[in-house]
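Novice: The sequence isn't on hand, but the structure is:
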């Protein structure tokens with residue numbers, strides 16, 4: 001998987017005009033139920049963040065692409081949960097992770113809307129929380145508010161971490 005990640009990073013470095021759609025797709029995949037378990041996109045997003053100053057990319061459009069991708073991924077997961085409810089537990093790969101849905105359910109029951117916001121920042125919960133919010137028929141607009149705001153912060157943190165981290169390391173060496 002590391003080889004694939006490096007290919008994507010190198011491609012963005014050489015083809016700046018592809019940065020926005022690639023970042024959107026990576027953030028979407030990272031936030032989409034089921035797919036997020038297969039695509040380690042957060043690491044690539046941090047690496048693309050490191051490319052921003054180094055390659056002359058502009059931070060804000062890339063940030064917006066990442067935020068939009070993450071919000072869309074959660075929205076699709078919510079929709080999927082809302083429409084397929086109990087059948088979801090039998091869809092691959094959830095049978096391999098039998099405690100993921102109950103843990104996410106308990107998390108949402110305990111934290112509600114703030115749980116949607118916070119869940120974005122915790123690995124396996126990132127994609128499970130919106131799915132479960134849909135299953136539980138959480139208020140759509142409250143979910144979307146938490147979804148969009150958390151996507152904006154999450155995207156900023158990942159990209160800025162790469163950007164600031166690279167600048168810091170450059171000063172050290």
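Specialist: Sure thing, it's come through. Quick caveat, the model's predicted, so the values are computed rather than measured. Residues are numbered from 1 along each chain as shown.
Novice: Relative to residue 73, how far out is residue 8?
Specialist: The gap separating residue 8 from residue 73 is 17 Å, by C-beta to C-beta, to the nearest Å. For the C-beta atoms, the positions are set from N, CA and C on the backbone; glycine is no exception.
Novice: Look at the two and report which has more neighbours.
Specialist: residue 73 (28 against 17; other C-beta atoms under 10 Å).
Novice: In terms of helix, strand or coil, where does the more buried one fall?
Specialist: helix (DSSP: H, G, I helix; E, B strand; the rest coil).
Novice: residues touching it, list them.
Specialist: 27-32, 36, 127, 130 (C-beta atoms under 8 Å, 6 or more residues apart in numbering).
Novice: switch the cut-off to 6 Å
Specialist: Counting by C-beta atoms under 6 Å, 6 or more residues apart in numbering, residue 73 touches 28, 31-32.
Novice: Distance check, it against residue 28.
Specialist: Here the criterion is C-beta to C-beta. By it, residue 73 lies 4 Å from residue 28.
Novice: Name the nearest residue to residue 155, ignoring sequence neighbours.
Specialist: For residue 155, ignoring the flanking residues on the chain, the nearest one in space by C-beta to C-beta, 6 or more residues apart in numbering is residue 66 at 3.5 Å.
Novice: Just the buried positions in the helix or strand that contains that neighbour, please.
Specialist: In the assignment (DSSP states H and E), residue 66 maps to helix 59-84. Neighbour-count burial for helix 59-84 flags 62-63, 65-78, 80-82 (criterion: 16 or more other C-beta atoms under 10 Å).
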